[in-house]
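*Asks:* all I have is the shape, not the residue letters:
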């Protein structure tokens with residue numbers, strides 16, 4: 001509510017101030033309902049965020065303590081980890097995912113690859129060209145697929161130094177922008193299969 005000259009107003013979607021007594025009752029009720037639900041969602045989201053932080057901290061602390069038994073100072077916050085309860089019925093997984101991007105050296109790799117394909121075009125398997133071309137396809141934002149680009153390194157080419165140089169340029173162009181940590185928790189069902197404990201409100 002916004003008070004103007006002693007009169008309560010509500011702001012509509014166009015940014016106009018409308019006196020409360022001129023707002024349809026159902027519009028008022030809708031507004032109240034939406035705001036209550038959003039407040040509830042923010043509370044749930046905040047609780048999940050806090051819980052995720054505590055769970056990641058707990059896993060990191062345990063990994064460090066476990067490593068100290070062997071005189072090893074293990075980096076507790078890095079790497080994938082799976083922890084089981086003593087009876088094996090519960091499981092906690094910490095998964096790390098790197099966000100990878102490529103710098104300008106990727107274009108050098110592409111140029112060398114295209115040179116190779118041009119020279120190999122006579123008598124070469126067309127499937128190879130299709131695989132390589134697909135790797136350079138971009139999404140709506142103009143970004144290439146990281147998995148497809150990295151998949152080029154699995155193609156084995158013999159006796160062509162340009163391909164080796166292209167793969168080196170590709171590898172050197174990789175930049176880890178950030179790493180994100182995920183926590184997944186599971187418990188065994190009546191059939192002995194691990195089932196995820198949902199932390200996504202849509203899956204509860």
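*Replies:* Okay, I see it. Bear in mind the structure is a predicted one, so any value in this text is a computation, not a measurement.
*Asks:* report pLDDT for the spatially closest residue to residue 173 that is not a sequence neighbour.
*Replies:* Ranked by Cβ to Cβ, 6 or more residues apart in numbering and with sequence neighbours excluded, the top spatial neighbour of residue 173 is residue 105, at 3.6 Å. For the C-beta atoms, the positions are set from N, CA and C on the backbone; glycine is no exception. As predicted, residue 105 sits at a pLDDT of 89.
*Asks:* shouldn't residue 105 be in contact with residue 171?
*Replies:* No. The pair residue 105 / residue 171 is not scored as a contact, 9.0 Å apart, by Cβ atoms under 8 Å.
*Asks:* so which of the two has more stuff around it?
*Replies:* The residue with more neighbours, out of residue 105 and residue 171, is residue 105; 16 against 12, by other Cβ atoms under 10 Å.
*Asks:* mind listing the helices in the chain by residue range?
*Replies:* 25-68, 105-120, 126-135, 146-151, 161-173 (DSSP state H).
*Asks:* can you add distance to residue 93 and give those back as TSV?
*Replies:* What follows is those, written out as TSV (distance: least, Cβ to Cβ, whole Å):
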stretch	distance to residue 93
helix 25-68	9
helix 105-120	32
helix 126-135	30
helix 146-151	21
helix 161-173	29
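*Asks:* what packs against the helix-or-strand element of the chain with minimal mean pLDDT?
*Replies:* In the chain, no helix or strand scores lower on mean pLDDT, DSSP states H and E than helix 126-135, which sits at a mean of 76. Applying 3 or more Cβ pairs under 8 Å, 6 or more residues apart in numbering; DSSP states H and E, one finds that helix 126-135 contacts helix 105-120, helix 146-151.
*Asks:* so which of those helices comes closest to residue 94?
*Replies:* With Cβ to Cβ as the measure, helix 146-151 is the member of the helices and strands packed on helix 126-135 nearest residue 94 (21.6 Å).
*Asks:* who's in contact with the closest one?
*Replies:* By Cβ atoms under 8 Å, 6 or more residues apart in numbering, the list of residues contacting helix 146-151 from outside reads 100-102, 106, 131, 134-137, 170.
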